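**Student:** Below is the sequence, then the predicted model.
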Amino acid sequence: MSHRMKYWSRVPAFFQAQLKLTQAAKKGLGDDVLAELVVLRASQLNKCAFCIDMHVTNLREAGVEQRRIDLLPAWEEAGDLYSERERAALAFTEAVTVLTEGFVPDAVYERAAAQFDEAELAHLLAVIVAINNWNRVNVTVRQPPGAEL
């Protein structure tokens with residue numbers, strides 16, 4: 001597959017707004033590792049090689065155990081490798097990203113709401129929305145892993 005266009009340089013104001021959106025979303029979550037796990041999982045679901053590469057690197061640099069990174073696609077089967085808070089966030093991420101049933105199921109929302117206060121949950125949703133936006137653009141333009149935006 002070849003890179004289709006250098007999208008982000010063509011829309012610099014949008015790129016800057018997207019960066020600010022992402023920073024604002026993550027700021028209110030207060031847990032950088034959790035945010036990185038969430039954005040990595042969404043990127044895996046969306047098959048965004050550029051973002052997967054970036055967020056795996058970020059998790060490694062944050063000192064996250066490689067096993068937790070490797071098993072993220074199978075987080076539900078990984079036992080206690082992920083905390084209940086992380087599992088709730090990952091379930092919420094998958095529901096919001098895929099919308100398999102056309103909506104986010106009540107049970108998934110309630111599981112996340114039991115682990116996050118309302119402000120944190122709002123920021124978690126904002127992080128998921130922001131990464132999905134990055135993914136959709138990068139997948140569409142076939143942004144190569146490691147390439148400069």
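**Tutor:** Great, that's in hand.

**Student:** Can you identify the element that follows the one helix or strand residue 94 maps to toward the C-terminus?
**Tutor:** Secondary-structure assignment from DSSP states H and E places residue 94 in helix 84-98. Going down the chain from helix 84-98, the next helix or strand is helix 106-115, by DSSP H and E.

**Student:** In CSV, list the C-alpha atoms belonging to the helix holding residue 94.
**Tutor:** Provided in CSV are the C-alpha atoms of helix 84-98 (Å, rounded to 0.1, in the frame of the first residue of the first chain):
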residue,chain,number,x,y,z
GLU,A,84,-10.9,-3.8,36.7
ARG,A,85,-10.7,-0.1,35.9
GLU,A,86,-8.6,-0.9,32.8
ARG,A,87,-10.9,-3.7,31.7
ALA,A,88,-14.0,-1.4,32.1
ALA,A,89,-12.2,1.3,30.0
LEU,A,90,-11.2,-1.3,27.3
ALA,A,91,-14.7,-2.6,27.1
PHE,A,92,-16.0,0.9,26.7
THR,A,93,-13.4,1.7,24.1
GLU,A,94,-14.4,-1.3,22.0
ALA,A,95,-18.1,-0.5,22.3
VAL,A,96,-17.6,3.1,21.3
THR,A,97,-15.1,2.3,18.5
VAL,A,98,-17.0,-0.5,16.9
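
**Student:** now it against helix 106-115, angle please.
**Tutor:** On the basis of axes from the mean of the first three to the mean of the last three CA atoms, to 10 degrees, helix 84-98 is oriented at 140 degrees to helix 106-115.

**Student:** Please enumerate residues in contact with helix 84-98?
**Tutor:** With CB atoms under 8 Å, 6 or more residues apart in numbering as the test, helix 84-98 has contacts from 34, 37-38, 41-42, 45-46, 72, 75-76, 82, 104-105, 108-109, 111-112, 114-116, 124-125, 128-129, 132. In this view, the C-beta of every residue, glycine as well, is placed from N, C-alpha and C.

**Student:** quick one, what contacts the spatially most central residue of the chain?
**Tutor:** In the chain, the C-alpha closest to the average C-alpha coordinate belongs to residue 39, at a distance of 1.5 Å (CA atoms, centre = their mean). The contact partners of residue 39, taken as CB under 8 Å, 6+ apart, are 51, 55, 127, 131.
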